[in-house]
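> what follows is a predicted protein model with its sequence.
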Amino acid sequence: MQPGPRNSLTDIPGLQVGQAEDRALKSGVTVVMGAAPMVASVAVMGGAPGTRETDLLEPDKSAPAVDALVLSGGSAFGLDAASGVVARLREMGRGFEVGPVRVPIVPAAIIFDLLNGGDKGWTDSPYPALGRAAVDALGEDIRLGSHGAGTGALTARMKGGTGTASLEIGEGVTVAALMIANPIGSPCTRGDRHFWAAPFELGGEFGGFGPDPASGLVDPEESLKYGALSRHANTTIGLVATNAQLTKAQAKRMATAAHDGIARAIVPSHSPADGDLIFAATTCDGPVADDTRLGTICNAAAHCVARSIARAVYEARPAAGDILPCWSDLNGVP
């Protein structure tokens with residue numbers, strides 16, 4: 001297995017990503033859309049999720065596919081980003097046909113970034129407009145670190161952000177992830193240098209510093225985020241995708257297995273105060289996934305999630321008003 005040419009979610013043909021952010025707000029929105037509706041599901045393993053229309057993604061529900069998936073900052077307010085996306089997709093003629101009407105199906109998930117130092121004194125929610133702007137920015141390039149829904153993301157001791165990674169697993173199948181890292185836990189071992197995800201790094205994509213040579217890595221350092229904010233100001237969300245043909249039930253299994261990547265990259269993860277959630281989607285443009293291929297896809301999805309989270313933190317950059325440093329600041333990396 002090796003990364004695709006972009007090492008990105010958009011290595012899957014037909015997928016596009018749009019990002020929009022407000023620097024004063026220290027928040028933003030990320031939208032993922034396919035050239036055609038995507039078969040999708042979801043797995044939630046955190047104790048405090050914030051979601052919209054995720055019930056439709058269960059295998060026993062009738063919605064056959066979705067038009068877009070939304071990742072947003074803003075906590076409950078950020079769910080309004082999906083309204084902006086739905087309105088823009090309606091204007092574009094996208095959506096599920098119900099007689100003469102088209103209804104865009106747009107599930108969404110949010111992170112909590114309301115206490116990160118940004119200006120949250122709005123009167124009208126900024127998130128519908130950010131959702132629209134993200135749709136208008138759809139393309140193949142994904143900005144890493146402090147962009148899109150990861151603009152104001154924080155981890156236990158440093159800034160989080162947006163990350164992505166891909167793997168080509170053979171026979172024309174690609175698997176990829178796009179993650180927004182905003183956990184209560186830490187992406188690094190003690191000393192804030194070595195990433196927990198280091199054993200899975202490919203090609204120096206997050207610095208090439210390797211695994212921590214120490215042992216007994218069971219006691220994480222004090223959370224600076226917890227002291228500065230609240231134990232509830234968290235959540236890591238994201239998306240794993242493939243071009244293989246999956247049913248909704250198989251997509252559900254892919255989303256569930258992909259959570260292994262969060263556990264590999266963040267300690268602790270899936271806590272009562274995290275809303276950890278992963279969507280799974282497929283364009284269904286590749287070969288059919290039998291049980292053997294599905295197992296390989298699930299394994300690759302977890303690897304991509306872990307690498308995406310580390311890339312998100314590695315690529316974060318400082319901004320005015322930040323309340324936590326970046327990994328690059330802590331480690332003297334430009």
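Everything's here; your move.
> just the helices in the chain please.
Here the chain has its helices, by DSSP state H, at 81-91, 127-136, 224-228, 248-265, 291-314, 327-331.
> measure stretch 161-177 end to end?
Distance across stretch 161-177, first residue to last, is 14 Å (CA to CA, to the nearest Å).
> one step back: which one of the helices of the chain lies nearest to residue 320?
helix 327-331 (13.9 Å; CB to CB). The way it works is simple: take the backbone N, C-alpha and C, and place the C-beta from them, glycine included.
> run the chain-centre distance for the strand ranked longest in the chain.
Once the chain is assigned using DSSP state E, the strand that runs over the most residues is strand 27-44. In terms of CA atoms, centre = their mean, to the nearest Å, the gap separating the centre of strand 27-44 from the centre of its chain is 10 Å.
> same check on stretch 47-63?
A distance of 16 Å separates the C-alpha centroid of stretch 47-63 from that of its chain, computed with CA atoms, centre = their mean.
> only alpha carbons, please: show it as CSV.
Extracted as CSV, the C-alpha positions of stretch 47-63 are listed here (Å, rounded to 0.1, in the frame of the first residue of the first chain):
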residue,chain,number,x,y,z
GLY,A,47,-19.9,10.4,24.5
ALA,A,48,-20.9,13.9,23.4
PRO,A,49,-21.7,14.1,19.7
GLY,A,50,-23.4,16.9,17.8
THR,A,51,-25.1,15.8,14.6
ARG,A,52,-27.7,16.4,11.9
GLU,A,53,-29.5,13.7,9.8
THR,A,54,-27.1,10.9,10.9
ASP,A,55,-30.0,8.5,11.6
LEU,A,56,-30.6,8.4,7.8
LEU,A,57,-27.1,6.7,7.5
GLU,A,58,-28.0,3.6,9.4
PRO,A,59,-28.2,0.5,7.1
ASP,A,60,-31.9,-0.1,8.0
LYS,A,61,-32.9,3.4,6.9
SER,A,62,-34.3,4.1,3.4
ALA,A,63,-32.1,7.0,2.2
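> give me the residues contacting it.
40-42, 44, 66, 70, 75-76, 78-79, 82, 96, 105-110, 112, 232, 234-235, 247-249, 251-252, 270-277, 279 (CB atoms under 8 Å, 6 or more residues apart in numbering).
> now a PyMOL select for only the buried ones of these.
The buried residues among these can be selected in PyMOL (16 or more other CB atoms under 10 Å) with this line:
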select buried, resi 40+41+42+44+66+70+75+78+79+82+105+106+107+108+109+110+112+232+234+235+247+248+251+252+270+271+273+274+275+276+277+279
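> tell me how far the closest residue to residue 199 other than its chain neighbours lies from residue 189.
The shortest distance from residue 199 to any residue that is not its chain neighbour, by CB to CB, 6 or more residues apart in numbering, is 5.4 Å, and that residue is residue 211. Between residue 211 and residue 189 the distance, using CB to CB, to the nearest Å, works out to 8 Å.
> worst average pLDDT in the helices of the chain?
For these, the bottom mean pLDDT is recorded on helix 224-228, which sits at a mean of 71.
> by mean pLDDT, flag the weakest helix or strand of the chain.
For the chain, the helix or strand with the lowest mean confidence is helix 224-228, at a mean of 71 (criterion: mean pLDDT, DSSP states H and E).
> so who does the residue nearest to residue 199 touch?
194, 198, 199.
> buried ones among the residues you listed?
The neighbour-count test (16+ other CB under 10 Å) marks 194, 198 as buried among the contacts of residue 211.
> need the contacts of residue 211 in a markdown table with pLDDT and distance to residue 1, can you?
Putting the contacts of residue 211 into a markdown table (pLDDT from 0 to 100; distance: CB to CB, whole Å) gives the following:
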| residue | pLDDT | distance to residue 1 |
| --- | --- | --- |
| 194 | 95 | 23 |
| 198 | 96 | 17 |
| 199 | 96 | 14 |
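> ok, so of the contacts of residue 211, who is nearest residue 323?
Relative to residue 323, the closest of these is residue 194; by CB to CB it sits at 23.7 Å.
> do you know how far that closest one is from residue 209?
6 Å.
> could you do residue 226 as well?
Looking at residue 226 against residue 209, where the rule is CB to CB, the gap reads 25 Å.
> so where is the stretch 151-300 of the chain shaky, pLDDT-wise?
227-232 (pLDDT under 70).
> repeat that with 80
Flagging of the stretch 151-300 of the chain using pLDDT under 80 yields the residue ranges 219-221, 224-233.
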